[in-house]
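S.K.: fold the following, please.
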Amino acid sequence: MSSKLHDALHSPTSVFNEPGEVLEATFLTEVQKRDVLARWEADARELQVAAEEGMDGGEPDMLRQVRSALRRIGDAPAEHAPTKQG
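M.R.: Alright, predicted model coming up:
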């Protein structure tokens, strides 16, 4: 596994500025793009929970951006997850 791929899978924001950039990444397969976006979605959900608990959170629309990118690759997430963590 390349270093860039490893970084993207473990910390998408260390490689990409926004979720839409994942879709354009030529070094990722479609499956890897889904995996990176799924990780980014989990991270965004955790930030939302932290923000609701009074801790610093991320950008408020990051989860929406990730979900939009997932829909564009045909992996539409459920609109209402059973928990905030998905």
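
S.K.: what's in contact with stretch 2-20?
M.R.: 22, 25, 27-28, 32, 35-37, 39-40, 43, 62, 65-66, 68-69, 72 (CB atoms under 8 Å, 6 or more residues apart in numbering). The C-beta positions use only the backbone N, C-alpha and C, and glycine is treated the same way.

S.K.: repeat that with 7 Å
M.R.: Applying CB atoms under 7 Å, 6 or more residues apart in numbering, the external contacts of stretch 2-20 come out as 22, 27, 28, 32, 35, 36, 37, 39, 40, 65, 66, 69.

S.K.: over to stretch 31-43?
M.R.: Contacts of stretch 31-43 (CB under 7 Å, 6+ apart): 5, 8-9, 12, 19, 22-23, 25, 28, 63, 66-67, 69-70, 73, 75, 77, 86.

S.K.: gap between the longest helix along the chain and the chain center?
M.R.: Assignment by DSSP state H gives helix 30-52 as the longest helix of the chain. Centroid separation for helix 30-52 versus its chain: 4 Å, with CA atoms, centre = their mean, to the nearest Å.

S.K.: re the thing from before, export the contacts of stretch 2-20 to TSV and tack on distance to residue 49?
M.R.: Putting the contacts of stretch 2-20 into TSV (distance: CB to CB, whole Å) gives the following:
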residue	distance to residue 49
22	23
27	31
28	27
32	26
35	22
36	21
37	19
39	16
40	15
65	18
66	15
69	21
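
S.K.: show the buried residues in the residues you listed.
M.R.: With burial judged by 16 or more other CB atoms under 10 Å, the buried subset of those is 22, 28, 32, 35, 36, 37, 39, 40, 65, 66, 69.

S.K.: tell me which helix or strand comes right after the worst-scoring helix or strand of the chain on mean pLDDT.
M.R.: The weakest-scoring helix or strand in the chain, judged by mean pLDDT, DSSP states H and E, is helix 30-52 (a mean of 88). As assigned by DSSP states H and E, the chain's next helix or strand after helix 30-52 is helix 62-72.

S.K.: by how many degrees do that following helix and helix 30-52 diverge?
M.R.: 160 degrees (axes from the mean of the first three to the mean of the last three CA atoms, to 10 degrees).
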